[in-house]
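Colleague: Sequence first, then the predicted structure, then my questions.
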Amino acid sequence: MKTAPRPDRRLFLKRGALALLALGVPPRFLARALAVETGAAERRKTLVCVFQRGAVDGLNMIIPFGEPAYYAARRSIALAAPSARDGGSAIDLDGFFGLHPELAPLVPLWREGELAVVHACGSPHPTRSHFEAQDYMETATPGAARRDGWLNRVLAARAAHAADHATGQARLADGGALRGVAISPDLPLSLRGPSPALAISDLASFGLAAEGEGGLVSLERSLAGLYRAAGTDALGAAGAETFAAVERLARIDPARYRPRPGAAYEGTFGHALRQVAQLVKADVGLEVAFVEIDGWDTHLAQGGANGRMALQLRTLARGLRAFHDDLGDRMEDVVVLTMSEFGRTVAENGSGGTDHGHGNCMLAFGGRVDGGRVLGAWPGLAPESLDGGRDLAVTTDFRDVFAEITAVHLGARRLDEVFPGYPPDPARWPGVVAGAG
Amino acid sequence: MRIPPSSRRALTGALFLLVAPSGAAAGQAPPDPDDEERVRIVHLLQRATYGARPEDVAAVRAIGAEAWIERQLRPETIDDSALAARLAPFRAVNLPLDELYEAYPDGRRMRATAGEMDSVARRRFEREMRAAGLQSPRRIGAELAGARLQRALHSERQLEAVMTEFWFNRFNVYWGKGMDRWLVPDYEREAIRPHVFGRFEDLLFATARHPAMLFYLDNWRSIAPDSLRPARPRLAREVPEGAGFNENYARELLELHTLGVDGGYTEADVVAAARALTGWSIALRGEVPEFRFRPVLHDVGEKRFLGRTLPAGRGIEDGEEVLAILARHPSTARHLARDLAEAFVSDDPPPALVARLERVFLETGGDLRAVTRALFTAPEFHEPGVREAKVKSPFELVASALRLTGAEAAPFNGTAAYLRSAGEIPYGARDPIGYPETGESWIDGGAMLQRMNLALALAAGETRGVAIDAEGLAASVGGDPVRALADRLLPGGGAERVARVVAGDIAEGLPAGVSPSERALGLILGSPEFQRW
């Protein structure tokens, strides 16, 4: 999306909804806008997915320092067992597992019981292809190609349920333009599908790119008018959703957003989470958000306490912490879940890195996440326990983590529609969210 | 192309609407909406070409639609030398494979011998390569995409271009995978385009034998399941690294290329086909991959495929028989008929049309010229609900916008960035299913805004390498400039409605620096009417 200076937008906002009347916008558009303005609060439960693309090395994120095999396999990149004298050692979590030192910003969340880890988690499918495994995780149908993503199906399931029950909270006053948002230039597969979902790189510039004083308002009005006149067919509906989202976002004046003091967002990843935080706090009806962070494919020179991966973890931790601090009490409505397409080999390779593996870890915090624990059945690193003799095995299917959070935190029903071919079973859920099962 | 402010100011506001620009040709009246013949011609052109320009409408009217279709069905009779000149910057598209490998060497292999490079050294290396006239293979993808756009804009063999896009998509190969980066130009040029109006069986065989497809779907290293590790060491070299029994190609062959998912085959048939096709592999002649049947990979057992027994002890004949059976199978005919009808007539095609195309396919032994003719001359093709009912894909949006505005598009231009963000880079579909043919797939979240912003950027001259002379365009038609632009860009309908909204918008006053023609162009290209044809 082009970024262009738009002074007229602030003018438009100052005059508020009544400005729409003055500009001669027909009643249907206004009614929708007013319903949004004055209607039932759109405060909802939200799931924020953070996809670590490139297959992060979970074994150096959540370190099994209690396993001698970990040290035997990683002579140069292992993190040392927790030690007060070594600032680069793992941070003790529970006497067996430790946190990479660069994830230190998350330690208070662990200590407060807000942060949970699911280890040895992943896909039943053996593919070690990045894009294939990412697709399988984003569609939650390992082994089967699909065009729609699981998060889009979550939206559909919630909408269907709301339609059946006509609950006030779920009434989609604006057509649900902002229920599913990815902060990225393209819509990720997770959010693709029939339910409306938007990819937005930057809230402040999401909209028509046009220059000139006053030009934008009339441009929007004319285009919106053309799409309205197009009626109720798919094009008209898509256009209407778009303008509803643009208007909704304009109303929250993204350029002026100030995070809570102490919440320090940095860089692209921080910026993305900041956009999500803003959407949550603005009560636009956000239910699922998607953010991604690259750079985890550490075949070479991965480093241990320092180096490439350590720097990535620093970015990750700072972003997640800033988000947590920015939301404050609102974190009770939001669960953040990290994920990655597969893990990496137990043993380091000849280039100081690791290659594609299998089992991995997921982090979850927020909502009623039952934190301060490493969940899942730890298979151990003995050779006979490894997948293919070389990789951390998977003992928790990632779909069970997805399903538990979707059911318990988001309150979604019709889970068999969200996870086709994998009927959800609370008995398999790792216990990430209190009140599960 | 930016028009200097002085000229813009001369055209602002009400003056633009009241006074026809000086030097305009005698004004042409807007098209008569009751001219049924014109309506039919425009509709035909919108489905059979990349945009119905006035000269195209006139050309069809001059000889009649059926004669025009016949001519387009014989592209070899149409002079396309103007296009040939425009394709010159895209060397990769026409080079024979051995020259392609020389001119676009695999940098990674070269660098592997030179050792790991940091980004500074790598840039120097690439500069040196270019200075020597060599290019990175990445460039092949860019040239393929650029060539496809130029062809859409300028080829006189429009129907051939349209159908090449369709059949490539059906027999999709993802450009970015390994050796396909070099093989795809040859694949499109030799395996697809020559057969689009030929026999389906020839097309099918050409794709099945092409190294691009055998590599893309991993058939080249599929080996018989009870694999006989060759006893004699000499033959061991014939077995590609990582070989294993692979059903990938066989599955897509049945599901996507021929019978279709409901075509009446079982998993056992997929396995049988995969067994029959073991040995259909690739060999390198120097650097150049080519088809080679490798007996050492082939499963010589007896197989049962779609109720037919393929006897034991054969070689390449197994695969040939499977392909021949598939090419002539009624389910293939039905599947193709449906997909053609969906792509060119309606997202929900009338059963009668599908049935007719299926019959033509079977009766002519899979003659694609006959089937294509039947498609574009079908009575269902002109039914009212069919016109203006298909949503343009992102590529079609770009092609039609540039073609209808007479834009000058540089070989490598900013429309590629739009296509990337809209998810339709030519030759960039990762999955065998290729890109969708139905509208609903193209108008999900954010897509509408991308389309509108593309329209505004094109109109403002802000799309790198694309120049549109909106004023000249309007002036060449004469009369009310807004109506002229709308008629030109929306020949299929809606021009009057859109022109009214646009005129109203302009009459309210424009911001400084925005000319009325820029505004009109942006609104028209961004309108829902322009997204359809």
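Modeller: Okay, I see it. Just so it is clear, the structure is predicted and the values come from calculations on it, not from any experiment. Numbering: from 1, shown residues only, chains lettered A, B, ... in the order given.
Colleague: Help me see whether the longest helix seen in chain A makes contact with chain B, please.
Modeller: Among the segments of chain A that qualify as a helix by DSSP state H, the longest is helix A:308-327. No: for helix A:308-327, no contact with chain B is found by CB under 8 Å from any CB of the partner chain; the gap never falls below 14.2 Å. In this view, the C-beta of every residue, glycine as well, is placed from N, C-alpha and C.
Colleague: what helix or strand is the residue most central in space within chain A on?
Modeller: With distances taken as CA atoms, centre = their mean, the residue of chain A nearest its centroid is A:C49 (1.8 Å). Using DSSP states H and E, A:C49 sits within strand A:46-52.
Colleague: Enumerate the positions of stretch A:305-314 that are buried.
Modeller: Under the neighbour-count criterion of 16 or more other CB atoms under 10 Å in any protein chain shown, stretch A:305-314 has A:305, A:308-310, A:312-314 buried.
Colleague: burial count for residue 220?
Modeller: No chain specified, so I'll use chain A. By other CB atoms under 10 Å in any protein chain shown, 23 other residues sit near A:E220.
Colleague: should've been chain B
Modeller: Other residues within reach of B:W220 by the criterion other CB under 10 Å amount to 25.
Colleague: For it, list the residues it contacts.
Modeller: Contact criterion CB atoms under 8 Å, 6 or more residues apart in numbering or on different chains gives B:211, B:214, B:240, B:280-282 as the residues in contact with B:W220.
Colleague: Phi first, then psi, for it.
Modeller: With angles defined as degrees, to the nearest 10, B:W220 shows backbone torsions of phi -60, psi -20.
Colleague: thought the residue nearest to the centre of chain A was touching A:S190?
Modeller: Yes: look at A:C49 against A:S190 with CB atoms under 8 Å: they come within range, at 6.6 Å.
Colleague: Could you find the closest non-adjacent residue to A:N349?
Modeller: If the residues on either side of it in the chain are set aside, A:N349 comes closest to A:D355, at 5.5 Å by CB to CB, 6 or more residues apart in numbering or on different chains.
Colleague: Contact partners for that neighbour?
Modeller: The neighbours of A:D355, taking CB under 8 Å, 6+ apart as the test, are A:299, A:344-345, A:349.
Colleague: Need the overlap of contacts for A:C49 and A:S190.
Modeller: Residues within reach of A:C49 and of A:S190 at once, by CB under 8 Å, 6+ apart, are A:151, A:290.
Colleague: related to what we said a few turns ago, roughly how far is the longest helix of chain A from the heart of the chain?
Modeller: For helix A:308-327, the gap between its own C-alpha mean and the chain's C-alpha mean amounts to 13 Å (CA atoms, centre = their mean, to the nearest Å).
Colleague: cool, stretch B:324-339 as well?
Modeller: Counting by CA atoms, centre = their mean, stretch B:324-339 comes out at 22 Å from the chain centroid.
Colleague: picking up where we left off before, so what does the longest helix of chain A touch, helix or strand wise?
Modeller: Identification of packing neighbours for helix A:308-327 by 3 or more CB pairs under 8 Å, 6 or more residues apart in numbering or on different chains; DSSP states H and E yields strand A:46-52, helix A:267-281, strand A:288-293, strand A:334-339, strand A:360-366.
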